[in-house]
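Student: the amino acid sequence is not available; the structure is as follows:
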């Protein structure tokens with residue numbers, strides 16, 4: 001059973017409020033990963049737990065928390081007792097049960113004891129970082145789990161009876177052809193997940209894969225990436241998974257609410273080193289260093305990195321960029337009301353061109369990308385950002 005909340009509140013505040021906790025511990029660094037991480041020790045983990053509690057005390061919690069997401073790093077490296085301590089400290093801030101509570105887990109760290117601790121604090125959704133079922137591809141990514149560990153972890157997760165289970169997969173990997181990618185999809189679907197996330201491999205600076213790319217040991221193949229995107233969308237649609245964002249697919253009732261709220265430009269609070277927030281009129285991130293983060297929190301400081309005021313124009317720009325990644329698209333009229341000073345002439349001209357060229361369709365004020373456009377979502381997003389910058393709109 002989950003511990004009782006310190007305050008039960010019903011009907012307090014209708015706007016979603018997310019909570020993201022960055023658990024920065026990893027046993028090793030995957031070749032593709034650019035997220036902040038560090039090695040867990042008794043001292044660093046204890047300091048992290050104390051730091052989250054101290055940072056949470058600095059936050060004005062304006063209304064009940066609706067969604068929670070623990071990412072990393074590998075939250076599953078925490079011991080069961082540490083999971084319970086972290087969860088209990090945060091639950092004091094919630095006011096009522098969140099609608100959804102996700103935790104990211106690496107297959108190698110999944111144990112029945114850890115899962116029981118997550119279930120006890122109120123976690124409802126597990127996202128398992130599978131990436132691939134092919135041993136040679138896992139080795140190429142620097143992943144520290146085996147295919148057998150994937151199946152064992154999934155069996156334990158299902159036995160714990162979480163409300164929703166997501167599997168993370170990656171494609172366009174070095175050495176991966178279309179047949180091996182489709183085999184990964186089929187292997188994942190055979191486990192009957194509630195949700196699938198399929199990410200195209202990206203080469204982030206300061207990662208081992210970026211070094212390999214710069215040395216010519218791996219190569220980009222944009223045409224292959226496009227084929228794999230389209231193969232993925234067609235295969236998962238045929239298997240009963242509804243796509244709701246470029247990389248995300250769900251069975252009915254299992255979309256990730258936390259991510260949807262973020263993409264819709266709602267507020268979220270980020271705790272932990274490198275965690276980002278959009279809350280109380282500000283957007284920013286914590287420093288990506290465990291020791292420096294603790295020092296700043298001890299001084300009453302947070303969100304010291306890339307801190308900017310959240311203006312209507314900033315929200316409108318990002319709502320368009322992220323909204324067009326979602327299958328439902330974005331309501332241009334609604335954002336014109338919220339931010340009349342945005343460059344709507346340029347936005348409307350781009351929308352007309354996207355429709356005319358077969359990249360998008362429009363129903364009233366709702367603009368959504370078609371598959372052709374979704375393949376170019378990043379490029380279209382960059383054009384939208386350029387429209388805001390060229391008009392000199394205050395962000």
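Tutor: Received the coordinates, thanks. Worth saying up front: this structure is predicted, and the values here are computed from it rather than measured.
Student: which residue of the protein sits farthest from its center?
Tutor: Relative to the C-alpha centroid of the chain, counting by C-alpha atoms, centre = their mean, residue 356 is the outermost residue, at 32.4 Å.
Student: ok, now how distant is that residue from residue 350?
Tutor: 11 Å (C-beta to C-beta, to the nearest Å). In short, each C-beta sits where N, CA and C put it, glycine included.
Student: now for the two: what residues contact both?
Tutor: Counting by C-beta atoms under 8 Å, 6 or more residues apart in numbering, residue 356 and residue 350 have no common neighbour.
Student: and residue 111, what does it touch?
Tutor: Going by C-beta under 8 Å, 6+ apart, residue 111 touches residue 156.
Student: show me what contacts the closest residue to residue 74 other than its chain neighbours?
Tutor: Taking C-beta to C-beta, 6 or more residues apart in numbering as the measure, residue 74 lies nearest to residue 106, with 4.8 Å between them; neighbours along the chain are not counted. In this structure, residue 106 makes contact with 74, 76, 128-129, 144-145, judged by C-beta under 8 Å, 6+ apart.
Student: can you get me a residue count around residue 39?
Tutor: Per other C-beta atoms under 10 Å, the neighbour tally for residue 39 reads 12.
Student: isn't it up against residue 48?
Tutor: No. Residue 39 sits out of contact with residue 48 when judged by C-beta atoms under 8 Å, with a separation of 12.0 Å.
Student: quick one: pLDDT of the residue farthest from the centre of the chain?
Tutor: Per-residue confidence for residue 356 comes out at a pLDDT of 98.
Student: what's it sitting at in phi/psi?
Tutor: Note on residue 356: its backbone torsions stand at phi -60, psi -30 [degrees, to the nearest 10].
Student: with residue 373 as the reference, measure out to it.
Tutor: Applying C-beta to C-beta to residue 356 and residue 373 gives a distance of 12 Å.
Student: does the most centrally placed residue in the chain sit in a helix or strand, and which one?
Tutor: Most central residue of the chain, judged by C-alpha distance to the mean C-alpha position with C-alpha atoms, centre = their mean, is residue 259 at 6.1 Å. In this structure, residue 259 sits in helix 257-263 according to DSSP states H and E.
Student: tell me the helices and strands packed up against that helix.
Tutor: Using 3 or more C-beta pairs under 8 Å, 6 or more residues apart in numbering; DSSP states H and E as the contact criterion, the secondary-structure elements in contact with helix 257-263 are strand 17-23, strand 67-72, strand 100-105, strand 242-245, strand 267-271, helix 312-323.
Student: check contacts around the residue farthest from the centre of the chain.
Tutor: Applying C-beta under 8 Å, 6+ apart as the definition, residue 356 turns out to have no contact partners.
Student: and if you look at residue 277?
Tutor: Residues near residue 277 by C-beta under 8 Å, 6+ apart: 20, 268-270, 283-285, 302-303.
Student: kindly reformat these as a markdown table containing neighbour count.
Tutor: Below are those laid out as a markdown table (neighbours: other C-beta atoms under 10 Å):
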| residue | neighbour count |
| --- | --- |
| 20 | 20 |
| 268 | 24 |
| 269 | 26 |
| 270 | 25 |
| 283 | 21 |
| 284 | 18 |
| 285 | 19 |
| 302 | 24 |
| 303 | 24 |
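Student: and which of those residues is nearest residue 317?
Tutor: Of all those, residue 283 has the smallest distance to residue 317: 12.0 Å, by C-beta to C-beta.
Student: and that closest one, that's in a strand?
Tutor: Yes. Under DSSP: H, G, I helix; E, B strand; the rest coil, residue 283 sits within a strand.
Student: my read is that it contacts residue 307, right?
Tutor: Yes. Taking C-beta under 8 Å as the definition, residue 283 is a contact partner of residue 307 at 7.4 Å.
Student: dihedrals phi and psi, residue 183?
Tutor: For residue 183, the backbone dihedrals are phi -70, psi -40 (criterion: degrees, to the nearest 10).
Student: let me know whether it touches residue 137 as I believe.
Tutor: No. With contact defined as C-beta under 8 Å, residue 183 does not reach residue 137; the gap is 10.4 Å.
Student: settle it for me: which of the two has more neighbours?
Tutor: When neighbours are counted by other C-beta under 10 Å, residue 137 comes out ahead of the other of residue 183 and residue 137, with 20 against 15.
Student: return the residues in contact with the nearest residue to the more buried one once chain neighbours are set aside.
Tutor: Nearest-residue entry for residue 137: residue 173, 5.1 Å, with adjacent residues in sequence omitted and distances by C-beta to C-beta, 6+ apart. Contacts were defined as C-beta under 8 Å, 6+ apart; by that measure residue 173 touches 132, 137, 140-141, 201.
Student: so which of those residues is the most crowded?
Tutor: Counting neighbours by other C-beta under 10 Å, residue 132 comes out on top of the contacts of residue 173 with 25 neighbours.
Student: just the pLDDT for that residue.
Tutor: Each residue has a pLDDT score; the one for residue 132 is 94.
Student: can you verify my assumption that residue 135 contacts residue 146?
Tutor: Yes. Counting by C-beta under 8 Å, residue 135 sits close enough to residue 146 to count as a contact (6.7 Å).
Student: mind listing the helices for the stretch 1-150 of the chain?
Tutor: Here the stretch 1-150 of the chain has its helices, by DSSP state H, counting those that start in this stretch, at 42-58, 80-91, 112-121, 135-141, 147-159.
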